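[1] this one's structure only:
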């Protein structure tokens, strides 16, 4: 797998994981405002920024895990 292919798959997997985790956080009402992310006038609180950071870390870790598993299957 080339570096460009890994880059595309990593970004795709990260995006999908981010959307799924964001839906879970929204379903559990963890964000301070339900319009967060959809309305530019809504400012995130410190807690929202922590949840966004956690979401980013989990999404990146999940994408790396899938990239390594995919690399093992391809080669």
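    Nice, thanks for sending it over. Please read these numbers as outputs of a predicted model, since none were measured by experiment. Residues are numbered from 1 along each chain as shown.
[2] Report the secondary structure state of the residue positioned nearest the centre of the chain.
    Closest residue to the average C-alpha location of the chain: residue 18 at 2.2 Å, with C-alpha atoms, centre = their mean. What DSSP: H, G, I helix; E, B strand; the rest coil gives for residue 18 is helix.
[3] ok, for it, nearest residue in space, not its chain neighbours?
    Spatial nearest neighbour of residue 18, excluding adjacent residues (C-beta to C-beta, 6 or more residues apart in numbering): residue 59 at 4.2 Å. No exception for glycine: its C-beta is placed from N, CA and C like everyone else's.
[4] Could you do residue 22 as well?
    Closest residue in space to residue 22, ignoring its immediate chain neighbours: residue 55 at 6.1 Å, by C-beta to C-beta, 6+ apart.
[5] Go ahead and confirm the one you found touches residue 20.
    No - applying C-beta atoms under 8 Å, one finds residue 55 not in contact with residue 20, separated by 9.6 Å.
[6] Compare those two (neighbour count), which wins?
    Set side by side, residue 55 and residue 20 show unequal neighbour counts under other C-beta atoms under 10 Å, the larger going to residue 55 at 19 against 14.
[7] returning to that earlier point: for the residue nearest to residue 22, list the residues it contacts.
    18, 21, 22, 25 (C-beta atoms under 8 Å, 6 or more residues apart in numbering).
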